[in-house]
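> 3D, please:
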Amino acid sequence: MAVTTCDALVVGGGPNGLVAAIALADAGWDVVLVEAQDEVGGAVRSGEVAAPGFVTDLFSAFYPLAAASPVIRDLGLTAHGLTWVRSADPVAHAFPDGRGVALKADPQDTAAGLEACAPGDGEAWLRLVAGWQQVRDPLLDLLFTPFPPVRAGLRLLRRARVAGSLDMARVAALSARRLGQEEFGSEEARVLISGNAMHSDLPPEGAGSALYGWLLAMLGQDVGFPVPQGGAGMLAAALRARAEAAGVQVRCGQAVTRVEVAGGRARGARLADGSVVRAPHGVLADVSAPALYRGLLEEHHVPRRLLADLERFQWDPATLKVDWALDAPLPWLAPEVRQAGTVHLGVGEDGLVDVAADLTVGRVPDPPFLLLGQMTTADPTRSPDGTESAWAYTHLPRAAAGDAGVVARHVERVEAALEQVAPGFGAHVVGRHVQDPASLERADANLSLGALSGGTAALHQQLVLRPTRGLGRPETPVPGLFLASAAAHPGGGVHGACGWNAALAAMRHRAPLGRVRRRLVGTAWARVLDER
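This is a model prediction of the structure:
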């Protein structure tokens, strides 16, 4: 039996796992990272699947959170081959009736377009942008910091003062639909908030969805919706190169079958080939919460209350994705949409509510809401001159995700919705590739039926309730084991914070006051799970 010994083992080579490995290696730790797939990246990978010469992002594609994240920004990935590029317009919405609206790179240009839709909407938009600029840095720190974010919260309070902080708290509790109705007179302006909110699994009428919609819209005005030049895989490759430069040993094609626990503490892991990696100072798991607690840990090492709480764990909806190689740009009816890298389409403002309601009750949305990427528009290296590499994804109820007939009919709906706003689109298709929910999960086990966020973003599964009742921190009830995936706070998105927070927690547990910290964490877990 082959045995490797290191300081820390990172299980999973998605962006969070890679960030965690980098942070530990930079601190002088000997780190091994193991990834079950043949390449790192998790949901950050690309390939030529629709047609030769057309680069498709296989999962995530646009990265406003990565561009804004202090975690990703400070890694110096440009020195390891990463180049960010942006489309002329970050995001747009194509309405079924042929109208269009674009969030432009310059807020003044966005405001001018919205003012033409309804008097006062331009000024309202600039007011939102000004509010974002006032709170940007402390707010991002607040969102990415483990709970409770005391320092970041105080910084935000100093910057926004009491009145501004209360306004932020109200936005965090609002629905996207309500925020749009309060601020804007036109449907065009309102869908820039509610459409962006649909990047999460929160319904536009749901509490908390306003924060998601506003945050993504403001990031669009701030950093755009950038993409890695050459494909999403270039971001993963840069993270791997950065990790290996720091001394991380990366092993792909090696699945972990069991986290080894001895003396009440995680000590390493056993791999599918029978080998063992011993890691006495920490095991950091970039895997889903169900996979960690029900799969990688033996049941007697997991508190009974936690196992019971996992019965209520809620995944976000299933995802269906279609990739196309086109011999020409998409023939949009609305000129506002042509230069946007990200396009929302299929329904208008009210239709977004209908789609969310369908998913809630288990109906297949008809018509669907689509999130589409014009990848060559954003990055001309993605396909030959005069062509377009495009994709669109939509959601299905999880109960219907395994029905091949349902999936096939929904692919037809996806293409019909696109044909409605870009007539003649089908005549330009020279290659097509369908990624159904099951294939997304096979390619990345964290994407259960294509669930994109590691579990719902709804309020009942956030902060100290993510992934179940707990501490809102990366520490788990098993000492030495840290949750480093999107299942941990702050959740989904390529920002690296989940991995970074897990690495910091592991280092603090090894620090001079680590014994005290471990006892405090153990006591807190015992009380949360009612074990004392």
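
> Now do the helices in the stretch 201-350 of the chain.
209-222, 233-245, 289-290, 304-310, 349-361 (DSSP state H, counting those that start in this stretch).

> so which of the ones you listed gets nearest Leu396?
Smallest distance to Leu396 across the helices of the stretch 201-350 of the chain (C-beta to C-beta): 7.8 Å, for helix 349-361. Backbone N, C-alpha and C define where each C-beta goes, glycine included.

> tell me what that closest one is packed against?
Helix 349-361 is packed against helix 176-183, helix 187-197, strand 388-396, with contacts defined by 3 or more C-beta pairs under 8 Å, 6 or more residues apart in numbering; DSSP states H and E.

> The second one: how far from the chain's middle?
Spelled out, that is helix 187-197. Offset of helix 187-197 from its chain centre (C-alpha atoms, centre = their mean, to the nearest Å): 19 Å.

> Now do it against helix 349-361, angle only.
For helix 187-197 against helix 349-361, the angle by axes from the mean of the first three to the mean of the last three C-alpha atoms, to 10 degrees is 30 degrees.

> do the same with the shortest one
Between the axis of helix 176-183 and that of helix 349-361 there is an angle of 160 degrees, by the same axes, to 10 degrees.

> Can you list the buried residues in helix 176-183?
Ala176, Arg177, Arg178, Leu179, Gly180, Glu183 (16 or more other C-beta atoms under 10 Å).

> Stretch 364-378: which residues count as buried?
Result for stretch 364-378 [16+ other C-beta under 10 Å]: buried residues 364-365, 367-378.

> mind giving me TSV with those residues and columns for distance to Glu419?
Shown next, in TSV, are these (distance: C-beta to C-beta, whole Å):
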residue	distance to Glu419
Val364	19
Pro365	17
Pro367	11
Pro368	13
Phe369	16
Leu370	12
Leu371	17
Leu372	13
Gly373	17
Gln374	16
Met375	20
Thr376	20
Thr377	19
Ala378	22
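
> In contact with Lys321, which residues are there?
Trp391, Ala392, Tyr393, Val434, Gln435, Leu440, Gly450 (C-beta atoms under 8 Å, 6 or more residues apart in numbering).

> follow-up on the earlier one: nearest to Gly493, out of the helices of the stretch 201-350 of the chain?
Distance to Gly493, taken as C-beta to C-beta, is lowest for helix 209-222 among the helices of the stretch 201-350 of the chain, at 9.5 Å.

> thinking again about what came up before, most neighbours per residue, which of the helices and strands packed on helix 349-361?
helix 187-197 (a mean of 28; mean count of other C-beta atoms under 10 Å).

> now for it, which elements pack on it?
On a contact count with 3+ C-beta pairs under 8 Å, 6+ apart, helix 187-197 meets strand 89-94, strand 100-103, helix 107-115, helix 121-144, helix 176-183, helix 209-222, strand 340-345, helix 349-361.

> So what touches it?
The contact list for helix 187-197 (C-beta under 8 Å, 6+ apart) reads 91, 93, 95, 99, 101, 103, 113-114, 117-118, 121, 124-125, 176-177, 179-181, 183-184, 204, 209-210, 212-217, 220, 344, 348-349, 352.

> Same check on stretch 232-250?
The contact list for stretch 232-250 (C-beta under 8 Å, 6+ apart) reads 6, 10, 13, 15, 18-19, 21-22, 25-26, 30-33, 35, 39-42, 44-47, 57-61, 63, 66, 75-77, 80-83, 228, 494.

> Mind exporting the C-alpha coordinates of that stretch to PDB?
What follows is stretch 232-250, C-alpha atoms only, in PDB (Å, rounded to 0.1, in the frame of the first residue of the first chain):
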ATOM      1  CA  ALA A 232     -12.700  28.900 -18.900                       C
ATOM      2  CA  GLY A 233     -10.100  26.100 -18.700                       C
ATOM      3  CA  MET A 234      -7.500  28.900 -18.800                       C
ATOM      4  CA  LEU A 235      -8.600  30.100 -15.400                       C
ATOM      5  CA  ALA A 236      -8.300  26.500 -14.000                       C
ATOM      6  CA  ALA A 237      -4.900  26.100 -15.700                       C
ATOM      7  CA  ALA A 238      -3.700  29.300 -14.100                       C
ATOM      8  CA  LEU A 239      -4.800  28.300 -10.700                       C
ATOM      9  CA  ARG A 240      -3.100  24.900 -11.100                       C
ATOM     10  CA  ALA A 241       0.100  26.600 -12.300                       C
ATOM     11  CA  ARG A 242       0.000  29.000  -9.300                       C
ATOM     12  CA  ALA A 243      -0.500  26.100  -6.900                       C
ATOM     13  CA  GLU A 244       2.300  24.000  -8.300                       C
ATOM     14  CA  ALA A 245       4.600  27.000  -8.300                       C
ATOM     15  CA  ALA A 246       3.900  27.300  -4.600                       C
ATOM     16  CA  GLY A 247       4.800  23.600  -4.100                       C
ATOM     17  CA  VAL A 248       1.400  21.900  -4.200                       C
ATOM     18  CA  GLN A 249       1.400  18.300  -5.400                       C
ATOM     19  CA  VAL A 250      -1.600  18.000  -7.800                       C
END
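
> what about the residue nearest to Val406 when sequence neighbours are not counted, how many neighbours?
Excluding its sequence neighbours, the residue lying closest to Val406 (C-beta to C-beta, 6 or more residues apart in numbering) is Ala400, at 4.7 Å. Residues lying near Ala400 (other C-beta atoms under 10 Å) number 17.

> Surely Ala400 is in contact with Pro365?
No - contact criterion C-beta atoms under 8 Å: Ala400 and Pro365 do not qualify, at 10.6 Å.

> List only buried entries from the contacts of stretch 232-250.
Looks like those have 6, 10, 13, 15, 18-19, 21-22, 25-26, 30-33, 35, 39-42, 44-47, 57-61, 63, 66, 75, 77, 80-82, 228, 494 buried, using 16+ other C-beta under 10 Å.

> now, which of the residues you listed lie within helices?
Within the buried ones among the contacts of stretch 232-250, residues falling in helices by DSSP state H are Pro15, Leu18, Val19, Ala21, Ile22, Ala25, Asp26, Ala66.

> Show me this structure divided up by domain.
3-47+234-314+451-528, 85-227+315-443 (automatic domain parsing).

> where are the low-confidence patches of the stretch 301-450 of the chain?
Across the stretch 301-450 of the chain, nothing is flagged by pLDDT under 70.

> what sits against the residue nearest to Leu179 when sequence neighbours are not counted?
What sits nearest to Leu179 in space, not counting adjacent residues and going by C-beta to C-beta, 6+ apart, is Ala210, at 4.0 Å. Contacts for Ala210 (C-beta under 8 Å, 6+ apart) come out as Val171, Ala172, Ala173, Leu174, Ser175, Ala176, Arg178, Leu179, Ile193, Ala197.

> Just give me the neighbour total for the third one.
The criterion is other C-beta under 10 Å. On that basis, Ala173 has 13 neighbouring residues.

> Distance to Ala160 added to the helices and strands packed on helix 349-361, as TSV?
Shown next, in TSV, are those (distance: least, C-beta to C-beta, whole Å):
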stretch	distance to Ala160
helix 176-183	17
helix 187-197	20
strand 388-396	34
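
> Please identify which of these is closest to Ala417.
Ranking those by proximity to Ala417 (C-beta to C-beta) places strand 388-396 first, at 8.4 Å.

> Report the angle between that closest one and helix 349-361.
Using the same axes, to 10 degrees: strand 388-396 against helix 349-361 is 50 degrees.

> Show me what strand 388-396 packs onto, helices and strands only.
For strand 388-396, the packing partners by 3+ C-beta pairs under 8 Å, 6+ apart come out as strand 56-57, strand 318-326, helix 349-361, strand 370-374, helix 375-378, helix 404-421.
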